[in-house]
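Novice: please work out how this folds:
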Amino acid sequence: MAFINKEDVDDIILTSQLDQVLQNVDANLDYALAWAEDTIKAKLRFKYNIDSALAETGSSRDVVLKDIAVNLALFKAHYLSNPRNIPELRFEAHDMAMKQLNDIRDSKDVLSIPLKDDTNKKGFRTRFGNRGDQFDKGNF
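Specialist: Purely as a prediction, here's the structure:
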């Protein structure tokens, strides 16, 4: 099950308006929902344990993250149906959602989801100085 679904979108926009936006192509909504989740993952994956947060369903979801995802999905749904006829409200909601994501990423705002655990992270060894030709041969 996805983090957000059609019922979450119905809380923001009337069903009749959503049907008009989607032009009876439900695949557009599915794509928009997936795009919104992927956008959130791309912005927050280095700071938060975003995969576990997006796996939550129902009332256990973070409300701020859900609101961001719904606004991004509605913008994308409008864009998919008619990119030249997107309401100003959707542009403003999209810009606000992206600003919130950037603020969260830059630690100007926080979410109530777990931070990413980097304790077992393995990376590259850092070496300072020079050991002459041993370094060039890989003997360090």
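Novice: now do the contacts for the most centrally placed residue in the chain.
Specialist: Centroid-nearest residue in the chain: residue 40, 0.8 Å away (criterion: C-alpha atoms, centre = their mean). Residue 40 makes contact with 50, 54, 65, 68, 69, 72, 101, according to C-beta atoms under 8 Å, 6 or more residues apart in numbering. Backbone N, C-alpha and C define where each C-beta goes, glycine included.
Novice: and stretch 49-65, how far from the chain's centre?
Specialist: Chain-centre distance of stretch 49-65: 11 Å, with C-alpha atoms, centre = their mean, to the nearest Å.
Novice: now do the contacts for residue 52.
Specialist: 113, 114.
Novice: quick check: buried residues in stretch 69-86?
Specialist: By 16 or more other C-beta atoms under 10 Å, the buried positions in stretch 69-86 come out as 69-81, 86.
Novice: which parts of the chain are helices?
Specialist: Under the criterion DSSP state H, the chain carries helices at the ranges 6-10, 15-22, 26-44, 50-54, 63-81, 88-105, 133-137.
Novice: can you add mean pLDDT and distance to residue 115 and give those helices back as TSV?
Specialist: Output for those, formatted as TSV (pLDDT from 0 to 100; distance: least, C-beta to C-beta, whole Å):
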stretch	mean pLDDT	distance to residue 115
helix 6-10	86	25
helix 15-22	80	35
helix 26-44	92	10
helix 50-54	89	10
helix 63-81	93	14
helix 88-105	95	11
helix 133-137	58	36
